[in-house]
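Q: Structure of the sequence below:
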Amino acid sequence: MDARGWSGHLLAHVHKKWALGEMTQLECLVNGANGIWASVCEEGAALGHACSTVTLMNLVRMGNTKVQNRYKCTQLREAASNVTEITTGMPPHPKQVIYGKRALDLAFDFGSIAGGTVGETDFNLATFFGEEAPVRISTLSSDRMIHERLVDLFHEDPQFTMEMAHTMKEKMLEDLTDNRKEEYMSAAGIALLFDRAGGKLTAKMAEVIEDDKVRSVHAQHLIDEVRRIWDKWDIEEDKKVDDVLKFHSFYNGFMAPYFGCFMCKDTLKALQAIDMDKDGYVDWNEFLVYLKWAMRQYPNIKDADELLSVAFRKGIIPAMQDELLKIPKPFKKINTSC
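A: Modelled structure (predicted):
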């Protein structure tokens with residue numbers, strides 16, 4: 001270009017096929033190209049193309065200050081996500097590098113690995129975008145990460161100890177051994193894990209999960225159907241909807257197919273498992289914890305009856321059984337006479 005006296009620009013535009021798009025684009029820049037022709041997101045013809053967001057962020061992490069001075073690089077993640085949604089009608093794939101929902105996640109409690117803790121000399125992607133890296137909970141999480149996630153979601157609580165976090169980790173490993181697929185990342189998911197590990201669900205957990213927006217239209221439709229059943233029993237109690245049911249109303253409206261006797265001591269004691277604020281009633285937001293968890297964990301649930309069945313069989317009944325295990329057994333005298 002210099003030898004021929006060409007004063008124009010040489011731009012790189014790379015389509016994807018063999019997962020080498022960004023590397024090829026960077027190689028073009030290294031070897032003389034002085035720009036790229038690309039969208040901020042990788043959507044495009046065929047399998048897409050090497051987008052400007054990923055290329056620019058690679059230059060930024062390698063210390064290039066010129067692109068930071070010329071472009072608002074701290075807004076690239078949001079821009080790429082928005083353009084993806086405008087173009088496709090859907091958000092980026094969660095695992096899309098740089099601008100996917102999980103791109104900033106902290107998955108390991110050690111460094112020198114993608115998704116691990118960031119060392120002093122490492123480029124911190126979350127900090128660059130002004131965000132806090134979410135702690136991803138899985139069987140690879142440490143006790144500290146589990147504890148941190150509980151506190152981040154539900155604030156401090158005397159039950160949130162390192163011992164409890166360790167028990168939750170053991171429960172996850174038990175699920176893995178039993179080939180039981182569960183998600184522990186959402187507020188509902190980690191709350192149910194906490195419950196299964198022997199914790200007592202709190203009013204704060206119910207509040208946070210109630211505020212957590214349901215993204216699936218199908219899931220919200222089924223939850224709304226259950227809510228209509230709830231409202232019917234609520235109105236029959238005191239002629240108004242106040243979002244709470246007495247134990248006997250909750251039993252008659254929802255629990256009877258799974259427990260044969262309301263007056264049985266075990267049933268009454270077990271109801272305490274769902275009464276998170278210990279006010280002697282079942283609140284809608286307490287019941288909603290299990291409904292949202294069931295829809296997240298089993299998104300192919302077909303109707304409200306199946307939703308209630310899953311919520312009880314896989315969520316509430318195990319929680320109630322945990323509560324029953326806490327009941328001290330009476331001392332049994334052993335007859336030692338001959």
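
Q: quick one: average pLDDT of the helix or strand in which residue 219 is found?
A: Here residue 219 is covered by helix 217-238, with elements defined by DSSP states H and E. For helix 217-238, mean pLDDT is 93.

Q: now for it, which elements pack on it?
A: strand 244-246, helix 247-250, helix 284-297, helix 304-310 (3 or more C-beta pairs under 8 Å, 6 or more residues apart in numbering; DSSP states H and E). No exception for glycine: its C-beta is placed from N, CA and C like everyone else's.

Q: Residues in contact with it: which ones?
A: Applying C-beta atoms under 8 Å, 6 or more residues apart in numbering, the contact partners of helix 217-238 are 214, 240-246, 249-250, 252-254, 284, 287-288, 291-292, 295-296, 299, 301, 303-304, 307-308.

Q: Kindly report the same for stretch 285-296.
A: By C-beta under 8 Å, 6+ apart, the surrounding residues in contact with stretch 285-296 are 183, 186, 188-189, 191-192, 201, 205-207, 209-210, 212, 214, 216, 219, 222-223, 226, 230, 243, 250, 254, 274-277, 301, 307, 310-312, 314-316, 319.

Q: hmm, back to that, any idea of the angle the helix holding residue 219 forms with helix 284-297?
A: Between the axes of helix 217-238 and helix 284-297, defined by axes from the mean of the first three to the mean of the last three C-alpha atoms, to 10 degrees, the angle is 160 degrees.

Q: For helix 217-238, which residues meet the burial criterion?
A: For helix 217-238, burial by neighbour count (16 or more other C-beta atoms under 10 Å) applies to 219, 222-223, 226-227, 230, 233-234.

Q: Residue 53: neighbour count?
A: Per other C-beta atoms under 10 Å, the neighbour tally for residue 53 reads 24.

Q: repeat for residue 27
A: Residue 27 is flanked by 13 other residues according to other C-beta under 10 Å.

Q: Same check on residue 144?
A: Neighbour count of residue 144, defined by other C-beta under 10 Å: 12.

Q: just residue 256 next, same as before
A: Other residues near residue 256 come to 12 when the count uses other C-beta under 10 Å.

Q: same thing with the one 3 residues further on?
A: Residue neighbour count, defined by other C-beta under 10 Å, stands at 17 for residue 259.

Q: Mind pulling up the pLDDT for it?
A: 83.

Q: Contacts only, for the nearest residue to it once chain neighbours are set aside.
A: Closest residue in space to residue 259, ignoring its immediate chain neighbours: residue 267 at 4.9 Å, by C-beta to C-beta, 6 or more residues apart in numbering. By C-beta under 8 Å, 6+ apart, residue 267 lies in contact with 251, 255, 259, 261.

Q: centre of the chain versus the one helix or strand residue 267 maps to, how much separation?
A: Following DSSP H and E, the helix or strand that holds residue 267 is helix 265-271. Centroid separation between helix 265-271 and its chain, computed with C-alpha atoms, centre = their mean, to the nearest Å, is 31 Å.

Q: got any ranges where the stretch 101-250 of the chain has weak pLDDT?
A: By pLDDT under 70, the stretch 101-250 of the chain has no low-scoring segment.

Q: One more pass at 80, please.
A: For the stretch 101-250 of the chain, applying pLDDT under 80 flags the ranges 112, 119-121, 238.

Q: which phi and psi does residue 262 have?
A: With angles defined as degrees, to the nearest 10, residue 262 sits at phi -70, psi -40.

Q: any idea how far the closest residue to it other than its chain neighbours is from residue 140?
A: The spatially closest residue to residue 262, leaving aside those adjacent along the chain, is residue 251, at 4.6 Å (C-beta to C-beta, 6+ apart). Noted for residue 251: a distance of 41 Å to residue 140, by C-beta to C-beta, to the nearest Å.

Q: same check, this time on residue 303
A: Taking C-beta to C-beta, one finds residue 303 at 36 Å from residue 140.

Q: And for residue 294?
A: In terms of C-beta to C-beta, residue 294 sits 25 Å off from residue 140.

Q: ditto for residue 235
A: Taking C-beta to C-beta as the measure, residue 235 and residue 140 are separated by 48 Å.

Q: Could you do residue 220 as well?
A: From residue 220 over to residue 140 the distance is 32 Å, taken as C-beta to C-beta.

Q: which residues does the residue nearest to residue 262 contact?
A: 259, 262, 267, 271.

Q: which one of the contacts of residue 267 is nearest residue 70?
A: Comparing the contacts of residue 267 against residue 70 with C-beta to C-beta places residue 255 closest, at 63.3 Å.
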